[in-house]
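# Compute the structure for the input listed below.
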Amino acid sequence: MNEIVIAILAGFVVGVFFSALKLPIPAPPVLSGVMGIVGVYLGGKAYAMIIERFFS
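Predicted coordinates:
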């Protein structure tokens, strides 16, 4: 749970910093970006499960 809170706070600070400097926020488009991140995470988890199940 601490990791989630720290990640949210870090993202908030970066968002405020970039907005204060009038730079584009370094984030992907809302829904498609989030789905891409979720897909990468799930792919990594699936790979670990496949390796553990079939090759160990």
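# quick one: buried residues of the helix or strand that contains I51?
Under DSSP states H and E, the secondary-structure element containing I51 is helix 30-55. For helix 30-55, the neighbour count (16 or more other CB atoms under 10 Å) marks no residue as buried. No exception for glycine: its C-beta is placed from N, CA and C like everyone else's.
# Going forward, the N-terminal residue is numbered 379.
In the new numbering, first residue 379, that becomes helix 408-433.
# For it, the averaged confidence score.
In this model, helix 408-433 has a mean pLDDT of 89.
# In terms of secondary structure, what does it contact?
In terms of contacts (3 or more CB pairs under 8 Å, 6 or more residues apart in numbering; DSSP states H and E), helix 408-433 is packed against no helix or strand at all.
# What is the distance between it and the centre of its chain?
12 Å (CA atoms, centre = their mean, to the nearest Å).
# can you check stretch 387-404 too?
Taking CA atoms, centre = their mean, one finds stretch 387-404 lying 16 Å from the centre of the chain it belongs to.
# quick one, what contacts the residue nearest to the spatial centre of the chain?
The residue lying closest to the centre of the chain (CA atoms, centre = their mean) is I415, at 5.5 Å. I415 is in contact with P406, counting by CB atoms under 8 Å, 6 or more residues apart in numbering.
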